[in-house]
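Participant: Below is the sequence, then the predicted model.
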Amino acid sequence: MSETGEAIDARARLLAWAESQIGERDPNAYYRICAPQFADKGAEHSVSWCGVFVLAGLHHVAPTRAPMWKTGKGFVYELKGVPLPEPGDIAVFRKGANGKDLWHHAIVERVEKGRVYTIDGNVLVAPREGVARRDRPVDSNVQFYSIATLLRDP
């Protein structure tokens, strides 16, 4: 499959979906899609759910190919790493501003002038929960993954 067909369309649909989610949100809506075993138990409000948000988006664009949530290294490692993403690919930020392990997942809107612009779940100030746009430097802290991997024939 070429990067010019289905993958480009899927990336555009993922970005449109992510933009429609901006604002206050209940993380259970995302857990129910891709991690139902953790939904509606109360704990989803006390843990990071950025990866669940991204994975729910992947289920929106590739429902028969997107994996379900699993612990450990997580779903993103099933995707192909790329040096620079296309809009609609996935960014993973490995460390927080304090230097501690973070592994924050986000959907890439664009990369320009050394910054990556993303749509992120689990980023509003507690006790609010929701989705917002963010931007950060492109540096050794961020890894990018192509969603085209999901669309290839098994």
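Facilitator: Structure received.
Participant: list the buried ones in the longest helix along the chain?
Facilitator: The residue-count maximum for a helix in the chain (DSSP state H) belongs to helix 6-20. Within helix 6-20, the residues that qualify as buried are 6-7, 10-11, 14-15, 17-18, counting by 16 or more other Cβ atoms under 10 Å. Just so you know, the C-beta spots here come from the backbone N, C-alpha and C atoms, and that holds for glycine as well.
Participant: can you redo those residues as CSV with pLDDT?
Facilitator: Output for those, formatted as CSV (pLDDT from 0 to 100):
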residue, pLDDT
Glu6, 72
Ala7, 72
Ala10, 89
Arg11, 92
Leu14, 95
Leu15, 96
Trp17, 97
Ala18, 97
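Participant: In JSON lines: those, plus distance to Ala106.
Facilitator: Converted to JSON lines, the buried residues of helix 6-20 look like this (distance: Cβ to Cβ, whole Å):
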{"residue": "Glu6", "distance to Ala106": "22"}
{"residue": "Ala7", "distance to Ala106": "19"}
{"residue": "Ala10", "distance to Ala106": "17"}
{"residue": "Arg11", "distance to Ala106": "14"}
{"residue": "Leu14", "distance to Ala106": "12"}
{"residue": "Leu15", "distance to Ala106": "12"}
{"residue": "Trp17", "distance to Ala106": "14"}
{"residue": "Ala18", "distance to Ala106": "9"}
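Participant: what's the most distant pair in those residues?
Facilitator: By the measure Cβ to Cβ, Glu6 and Ala18 form the most distant pair in these, at 18.4 Å.
Participant: Which elements pack onto the helix-or-strand element of the chain with minimal mean pLDDT?
Facilitator: Within the chain, no helix or strand scores below helix 148-151, which has a mean of 78 by mean pLDDT, DSSP states H and E. Where contact means 3 or more Cβ pairs under 8 Å, 6 or more residues apart in numbering; DSSP states H and E, helix 148-151 is packed against helix 6-20.
Participant: Having no further points to raise, I will conclude here.
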